[in-house]
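Engineer: Need coordinates for the following:
(4 chains)
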There are 2 protein chains.
Amino acid sequence: MSEVEIPLRDKILDISRDLLFEEGYKALSMRKIARKANVTATSIYLYFENKDHLLHTLIEESVEELSVFIEERALPQKEPLARFEAIIDGYVDFAVHFPEKYEVIYMVRPDAMARYPKEKFRKARRCYELLVETIQDGISHGVMDVDKPVTAAYSIWAQLHGIVSVVHNKRLDSRVDSEQFIQDSVEHVIQGFLTRASVT
Amino acid sequence: MSEVEIPLRDKILDISRDLLFEEGYKALSMRKIARKANVTATSIYLYFENKDHLLHTLIEESVEELSVFIEERALPQKEPLARFEAIIDGYVDFAVHFPEKYEVIYMVRPDAMARYPKEKFRKARRCYELLVETIQDGISHGVMDVDKPVTAAYSIWAQLHGIVSVVHNKRLDSRVDSEQFIQDSVEHVIQGFLTRASVT
DNA sequence: TAGGAGCAGTTAACACTGTTAACCTAATTA
DNA sequence: TAATTAGGTTAACAGTGTTAACTGCTCCTA
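Structural biologist: Residues are numbered from 1 along each chain as shown, chains lettered A, B, ... in the order given. Model (predicted):
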């Protein structure tokens, strides 16, 4: 078919991600994926235990990419404030530039996640722990004002996800520019955790 | 069967909500609902156009209850700060005390929502607008420090939802007490929007 | 060079899903 | 009494995830 033969496993993942993003979770079926890959549905089971595992693999892939994306931006920054901002910007930038990958992470509901191996969560935690450490650093440098870094980190992820969701789901007031909305919101999130002294 | 004959429509809604909460979205089927109601699957179609509409009704019901719950606590408060706290506490209390109703609101994914009539969103907006107004009030009273109330309100919902989700999905570190976590987080959310002068 | 192992895919089938069309029956109304 | 309607049923259709059993085909070894 194509010039370069893509291994079927990767082809299935690509097709699944596209279908998931375009038609949503409900419309995703093994047979539809197979049809797009010019293959029988049963062939998918040669590479994935079942539909859930296929989705988990997709999630895991995206989480890994998001983690790398954030770390690439954050780790070079040595100042706690700069690193803090880099983490947040990294998260939002990833969501804006790769919506189909970002959405996958949150698209599949926890009920399908029931069998999701606990250990896999660790990967998602890598960035979370980086954020916690950065906040702790910020506190000792006197630039951040937070009581409980662990709680604050949770709140920040939730806040960012909320901002991104509003834009992705097009729930924004039509008069509001989405670029501007994101920029303002992110700025607000950041400022909410700084000491008064360090506000620019 | 039962002493008091519950109308079938209500019975279907109750059974659906329970099944949805206990077994998740994926496991919810028309036939299973019908079986629990001692009725045929097709009977459900006498009261609901299809499965999506049944779920939409469930969501709408919960959104309405949440709105009433919040308004009951917030409207009596006339001071902007007290009302601000009442809205936030109301939201979290509802989520903690009626998890099966709260979860329904976020359980069904936007792809099933595609056909969800735009007008229905207004109801969800009632409390959102109350929050915006309260923030604006707080600003003019000099107790709140927010640039864009509209954006801030979005952020607050997202933040609260994130906090609640972590607890509901039992993703919390086993050493962390969930009651304490909620209390600390909420406090942190609130403090993030106050002027330094008004911090207790 | 023959034969077996194993890879990569297939076909056929099972039990289950949402949904529709056609039908029945008992109560209410004209 | 006759007609209509409300509230349910049965049977069927197309589509779903998943399994067991099969087919070619390539490669390694005796």
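
Engineer: Go through chain A and flag its longest helix.
Structural biologist: helix A:51-74 (DSSP state H).

Engineer: Just the CA coordinates for the helix or strand following that one, please, in PDB.
Structural biologist: For helix A:51-74, the following helix or strand on the C-terminal side (DSSP states H and E) is helix A:80-97. The C-alpha coordinates for helix A:80-97 follow below in PDB (Å, rounded to 0.1, in the frame of the first residue of the first chain):
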ATOM      1  CA  PRO A  80      12.300  28.100  40.900                       C
ATOM      2  CA  LEU A  81      10.000  30.800  39.600                       C
ATOM      3  CA  ALA A  82      11.200  30.400  36.000                       C
ATOM      4  CA  ARG A  83      10.800  26.600  36.300                       C
ATOM      5  CA  PHE A  84       7.300  27.000  37.900                       C
ATOM      6  CA  GLU A  85       6.200  29.100  34.900                       C
ATOM      7  CA  ALA A  86       7.900  26.700  32.400                       C
ATOM      8  CA  ILE A  87       5.900  23.700  33.800                       C
ATOM      9  CA  ILE A  88       2.700  25.600  33.600                       C
ATOM     10  CA  ASP A  89       3.400  27.000  30.100                       C
ATOM     11  CA  GLY A  90       4.600  23.600  29.000                       C
ATOM     12  CA  TYR A  91       1.400  21.900  30.100                       C
ATOM     13  CA  VAL A  92      -0.800  24.500  28.400                       C
ATOM     14  CA  ASP A  93       1.300  24.600  25.200                       C
ATOM     15  CA  PHE A  94       1.100  20.900  24.800                       C
ATOM     16  CA  ALA A  95      -2.700  21.000  25.200                       C
ATOM     17  CA  VAL A  96      -3.000  23.800  22.600                       C
ATOM     18  CA  HIS A  97      -0.600  22.300  20.000                       C
END
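
Engineer: residues of helix A:80-97 that come out buried?
Structural biologist: For helix A:80-97, burial by neighbour count (16 or more other C-beta atoms under 10 Å in any protein chain shown) applies to A:80-81, A:83-88, A:90-95. (C-beta placed from N, C-alpha, C; glycine too.)

Engineer: between these, which is nearest B:Y106?
Structural biologist: A:A95 (18.5 Å; C-beta to C-beta).

Engineer: quick one: pLDDT of the closest one?
Structural biologist: A:A95 carries a pLDDT value of 97.

Engineer: That one contacts A:Y102, doesn't it?
Structural biologist: Yes - between A:A95 and A:Y102 there is a contact at 4.3 Å, judged by C-beta atoms under 8 Å.

Engineer: can you list residues touching both of the two?
Structural biologist: Common contacts of A:A95 and A:Y102, defined by C-beta atoms under 8 Å, 6 or more residues apart in numbering or on different chains, comprise A:164, A:168.

Engineer: Could you pull up the residues touching the residue lying closest to A:H141 once chain neighbours are set aside?
Structural biologist: In space, A:H141 comes closest to A:P80 once its chain neighbours are excluded; the distance is 5.3 Å by C-beta to C-beta, 6 or more residues apart in numbering or on different chains. By C-beta under 8 Å, 6+ apart, A:P80 lies in contact with A:134-135, A:137-138, A:141, A:143-144.

Engineer: What is the burial count for A:M107?
Structural biologist: For A:M107, the count of nearby residues is 22 (other C-beta atoms under 10 Å in any protein chain shown).

Engineer: quick one: it from DNA strand C, how far?
Structural biologist: 19 Å (C-beta to the nearest atom of the strand, to the nearest Å).

Engineer: That residue and A:L20 touch, don't they?
Structural biologist: Yes - the pair A:M107 / A:L20 is scored as a contact, 6.1 Å apart, by C-beta under 8 Å.

Engineer: Of the contacts of A:P80 - the most surrounded one?
Structural biologist: A:T134 (25 neighbours).

Engineer: Among the contacts of A:P80, name the ones in helices.
Structural biologist: Per DSSP H, the subset of those in helices is A:134-135, A:137-138.

Engineer: farthest pair in those residues?
Structural biologist: A:I135 and A:D137 (7.1 Å).

Engineer: A:D173 contacts B:T151, correct?
Structural biologist: No - when contacts are counted by C-beta under 8 Å, A:D173 is not listed as touching B:T151 (10.6 Å).

Engineer: of those two, who's got more company?
Structural biologist: The neighbour comparison of A:D173 against B:T151 (other C-beta under 10 Å) goes to B:T151, with 23 against 9.

Engineer: quick one: average pLDDT of the strand or helix carrying that one?
Structural biologist: Using DSSP H and E, B:T151 sits within helix B:149-168. The pLDDT scores in helix B:149-168 average 89.

Engineer: Now do that helix against helix A:149-168, angle only.
Structural biologist: Angle, helix B:149-168 to helix A:149-168, by axes from the mean of the first three to the mean of the last three C-alpha atoms, to 10 degrees: 120 degrees.

Engineer: between helix B:149-168 and helix B:80-97, how big is the angle?
Structural biologist: Orientation check (the same axes, to 10 degrees): helix B:149-168 against helix B:80-97 gives 30 degrees.
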